[in-house]
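> Fold the stuff below for me.
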Amino acid sequence: MRENFKIDRNSLVVQIILSFLALILLITTAFGLPAVLLIRSQADRQTSARIEQGSQTTEALYDAWQRRINDLAFLTAQRPTLQQLLAQGQDAALTNYLEVLQHDTELDLLLICDPDGQAIIQTNTAVSADLCALADPTGLHVFASESLPQVWMMAGHAIGDGAASLTGTASLTEVADLGRVIAGMALDDDFAAQMSAQTSLEHTLLVDGEPAASSFSGGAAECCAVTRQPADAAGAGSGGQPADLIIDNRPFASTYLSLSVSEAASPSNLVDEIALDVGDIAAAERGLTWTLVGSIFLVALAGSILGVILARRISQPLTRLTDAATAISMGNLSTSLSVSSPVREVSLVSQALENARLDLQQTLNELQQERAWTNHLLEAITEGIVALDENGRVIFFSPGAERITGWTQDEALNNTCDGLFHLSEPGGNFSEHIPPPGQQSKVVLDMADGRQVTLGITSALLSPTDTDKTGLVLVLRDISEAELTHRLMGGFLANITHEFRTPLSALAASTELLLDQAPDLSSTELQELLNSLYMGIVGLQTLIDNLLESASLETGRFRVYPRPADLGEIIAEATHMTQPLQEKHGQWLVVEMPATIPLVKADSRRIVQVLVNLLFNAIKYSPDETKITLGTRVKEGWVRVSVADRGPGIPPGSRDELFYQFVHYDIDNAKSQHGAGLGLSVVKAIVEAHNGQVGVDNNPGGGTIFWFTLPVVEERERA
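All right, here's what the predicted structure looks like:
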């Protein structure tokens, strides 16, 4: 049980209470003269501390005033109105403008120098020195005058030279075309009074030992020159308090702050004499000495109570601050670290931690936004990006890689690339096909979803900054479609050669026969030869038209020019072109059309090409001595044109790819031979360019029905 009540000597509360008790004990035991000596010593230290603190504060204030004048000089030089008035030479307006500006900025001097170093306008003539001749006016300057020396704090800046000043790359000797501005403030009695109000100390500026400004009553001219005198070595302050100066019969402790005068000014020793009135301190010492004995008991009691109260006031905010910091360490950055405390140091620590929390939260939000942007970018990249460590294990797997391979990121991470990617051809590993950086390789892989994909692979070295180990970054591209197109193109070239060679050979043979035996041929034989020539020419013309249309589609130059057209004339032209081929195979064409059919909005030449392709396919795949039906039907503003045959039909599962380029099907038909594979793709492109639809159905009783639709011309278009 005693361990539960063990006192933590490192606790702040315990240390504060113990400190107060020790101090009270010390005061009690050091009763009498030691107490008086302690009070006097403490007073001396306080005096020295106040003087030292006042010196530091004074030095900081001088720096702050110099920065303020620098900023005002810079802002004045950058004012467009000043630059405009100066450029236009409006001296009167510029003088008024500078006087208003001087009043608003509480400056004592505003001087405009031209590029030649000559003064143009000066708002204060108290300084007779040629300030424009100063190479660098920034700093403190001492000027002689008829009465007291003058001390000025100045700053200069080139007019319009804002960028150079901000970056610190230009000196003040590099004057802009419009000259420069010199701003100044007189370090006079009013300035000394301001310093006294801010430091609670008296200030006297001494130039080579001669007062130039003072915060004492009457200023430098009356106070310091008449009533100011040094104290003797024994100390002239009443009550025995050491004093450096006696002013108006009051003791003052003082110190000197040396001020750096600009090299451009005449050599002078400029100091700020900082004085503290120690008369009240001496009186306080006497009062403390007489009341020490009677109040020691009350001090002991009050000190103990004060120690407990102060300890609680300090420890409670620190406890709340500790709880908030613990919450933040667990990842809760929304917990505020701002704690209100009467102890200034605790408040400063709290505010510093709160600022750090806000900065950390902002940085974390920015990192999250950048990460989200990176993830969106990776998701938008179609290529797959895979990062491998030095052992070939996957350490990064992009969304593009997931889409290409079928593996999820969770499945891929920490797996080896050989275990993840399997070659379609056995006897090798994926890592053996990774190309060196800057080169590309091609592999065929079996994917996780059962697909077989051809991938193009490029690589780059990956060297993280926090390790000497080197990995690889792979970029995967799915080139399966490109490989398929390449193979189809090879077959297309082989077929197109055959498609050209066969009709050309037939045309050459028929032409040669006509040339050699034309006089001996009967009219029937002559007609057959001419029909053969015509069919060969029509076939070549159709093939060439399909090639041209396919090329136009690939280059994006394919166009149609629909206009009102008679569908009957289009059908008549198409059937006329295919009639010799029908008669050759003993097939007959039945055209089923309504008695009246409206005009269609179509490019007649293109639609003739569509019908010729469909009729050629029907003749090609239909058996001899069979019927081919060409029908039309009008419904709801569209005309549906269909070509039905009695061929073997379309293989199951092949309709989705039927209208692609270079597609062929193995059909057991003696007449059907592989063509160029372009006809149906051209049909689809032409029909869809007319905003129509194209499709294929099974023909009841056997065969296939190809159909397409064309828009009917509206009445207003006919008019």
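
> residues near residue 112, how many?
26 (other CB atoms under 10 Å). No exception for glycine: its C-beta is placed from N, CA and C like everyone else's.

> residue contacts, it?
86, 94, 98, 119-122, 159, 179-182 (CB atoms under 8 Å, 6 or more residues apart in numbering).

> In strands, which of these appear?
Residues of the contacts of residue 112 located in strands (DSSP state E): 119-122, 180-182.

> from the contacts of residue 112, which single one is nearest residue 435?
Of all these, residue 159 has the smallest distance to residue 435: 62.7 Å, by CB to CB.

> can you tell me which residues contact the closest one?
Residues near residue 159 by CB under 8 Å, 6+ apart: 77, 82-83, 86, 112, 176, 178-181.

> just residue 562 next, same as before
Applying CB under 8 Å, 6+ apart, the residues near residue 562 are 601-603, 690.

> Could I get the phi/psi values of residue 596?
phi -130, psi 140 (degrees, to the nearest 10).

> do you know how far it is from residue 639?
12 Å (CB to CB, to the nearest Å).

> more neighbours, the two?
residue 639 (23 against 6).

> Now do the buried residues in the helix or strand hosting that one.
Residue 639 belongs to strand 638-644 when assigned by DSSP states H and E. By neighbour count on 16 or more other CB atoms under 10 Å, the buried set for strand 638-644 is 639-644.

> Please give the centre-to-centre distance between it and its chain.
In terms of CA atoms, centre = their mean, to the nearest Å, the centre of strand 638-644 is set 57 Å apart from its chain centre.

> change the start of the numbering to 6 and stick with it
Renumbered: residue one is now 6, and that last one reads strand 643-649.

> what element comes up after that strand heading to the C-terminus?
Once the chain leaves strand 643-649, the next helix or strand it forms, by DSSP H and E, is helix 684-694.

> Against which helices or strands is the helix or strand following that next one packed?
Per DSSP H and E, the first helix or strand lying C-terminal to helix 684-694 is strand 699-703. Judged by 3 or more CB pairs under 8 Å, 6 or more residues apart in numbering; DSSP states H and E, the packing partners of strand 699-703 are helix 684-694, strand 709-716.

> Which one of the ones you listed has the poorest average confidence?
Ranked by mean pLDDT, these bottom out at helix 684-694, which scores a mean of 82.

> Buried residues in that helix, which are they?
684-692, 694.

> Show me what the residue lying closest to residue 193 once chain neighbours are set aside is bridged to.
Take residue 193 and drop its neighbours on the chain: the residue closest to it by CB to CB, 6 or more residues apart in numbering is residue 218, 4.9 Å away. As for beta bridges, residue 218 partners with residue 210 under DSSP bridges.

> So residue 218 versus residue 204, what's the distance?
Distance from residue 218 to residue 204, by CB to CB: 15 Å.

> swap in residue 159?
According to CB to CB, residue 159 stands 23 Å off from residue 204.

> who's more crowded, the two?
residue 159 (28 against 21).

> Now do the contacts for the more buried one.
Listed by CB under 8 Å, 6+ apart, the contact set of residue 159 reads 74, 114, 136, 142-146, 187-190, 267.

> which among those gets closest to residue 317?
Lowest distance from residue 317 to those (CB to CB) belongs to residue 74, with 47.4 Å.

> So for this structure, the centremost residue is which one?
Central residue of the chain (CA atoms, centre = their mean): residue 375, 7.6 Å from the mean position.

> Secondary structure element holding it?
Using DSSP H and E, residue 375 falls in helix 349-385.

> From the contact counts, what lies against that helix?
If you count contacts as 3+ CB pairs under 8 Å, 6+ apart, helix 349-385 packs onto helix 284-334, helix 404-410.

> ok, now with 7 Å
Counting by 3 or more CB pairs under 7 Å, 6 or more residues apart in numbering; DSSP states H and E, the packing neighbours recorded for helix 349-385 are helix 284-334.

> Run through the neighbouring helices and strands of the helix it packs on.
Applying 3+ CB pairs under 7 Å, 6+ apart, one finds that helix 284-334 contacts helix 17-34, helix 38-82, helix 349-385.

> So what angle separates the directions of that helix and helix 38-82?
70 degrees (axes from the mean of the first three to the mean of the last three CA atoms, to 10 degrees).

> Mind checking the pLDDT average for helix 284-334?
72.

> chain center to that helix: distance?
53 Å.

> can I assume residue 594 is in contact with residue 580?
Yes. In this structure, residue 594 is within contact of residue 580 by CB atoms under 7 Å, at 5.9 Å.

> Overlap in contacts, these two.
With CB atoms under 7 Å, 6 or more residues apart in numbering applied, the contact sets of residue 594 and residue 580 do not overlap.

> hmm, back to that, would you convert the helices and strands packed on helix 284-334 into TSV that also reports distance to residue 208 and mean pLDDT?
Output for these, formatted as TSV (distance: least, CB to CB, whole Å; pLDDT from 0 to 100):
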stretch	distance to residue 208	mean pLDDT
helix 17-34	36	70
helix 38-82	7	85
helix 349-385	26	77
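
> what angle do the helix or strand in which residue 108 is found and helix 38-82 make?
Using DSSP H and E, residue 108 falls within helix 96-110. Helix 96-110 runs at 150 degrees relative to helix 38-82, counting by the same axes, to 10 degrees.

> I'd like the average pLDDT over the helix or strand just after helix 96-110.
Sequence order places strand 114-118 as the next helix or strand after helix 96-110, per DSSP H and E. Strand 114-118 carries an average pLDDT of 89.

> separation between residue 465 and residue 459?
Counting by CB to CB - residue 465 and residue 459 are separated by 21 Å.

> Looking at the two, which is more packed in?
More neighbours surround residue 459 than the other of residue 465 and residue 459, with 18 against 12 (other CB under 10 Å).

> Am I right that the more buried one sits in a helix?
No. Residue 459 is assigned strand when assessed by DSSP: H, G, I helix; E, B strand; the rest coil, not a helix.

> any idea of the pLDDT on it?
Value for residue 459, per-residue pLDDT: 80.

> Okay, and the beta partners of it?
Note on residue 459: beta-bridge partners residue 449, judged by DSSP bridges.

> returning to that earlier point: which one in the contacts of residue 164 is the model shakiest on?
Out of the contacts of residue 164, that is residue 181, at 47.

> Nearest spatial neighbour of residue 261, chain-adjacent residues omitted?
Spatially, and ignoring its direct neighbours in sequence, residue 261 is nearest to residue 276 (4.7 Å; CB to CB, 6+ apart).

> Which helix or which strand is home to that neighbour?
Using DSSP H and E, residue 276 falls within strand 275-282.

> what's that strand packed up against?
Applying 3+ CB pairs under 7 Å, 6+ apart, one finds that strand 275-282 makes contact with helix 38-82, strand 207-212, strand 255-264.

> Run the chain-centre distance for the longest one.
Between the mean C-alpha location of helix 38-82 and the chain-wide mean there is a distance of 46 Å, by CA atoms, centre = their mean.

> That helix packs against which elements?
Helix 38-82 packs on strand 155-163, strand 185-191, helix 194-204, strand 255-264, strand 275-282, helix 284-334, going by 3+ CB pairs under 7 Å, 6+ apart.

> Export those as JSON lines, with columns for distance to residue 585.
Putting the helices and strands packed on helix 38-82 into JSON lines (distance: least, CB to CB, whole Å) gives the following:
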{"stretch": "strand 155-163", "distance to residue 585": "95"}
{"stretch": "strand 185-191", "distance to residue 585": "99"}
{"stretch": "helix 194-204", "distance to residue 585": "114"}
{"stretch": "strand 255-264", "distance to residue 585": "116"}
{"stretch": "strand 275-282", "distance to residue 585": "119"}
{"stretch": "helix 284-334", "distance to residue 585": "91"}
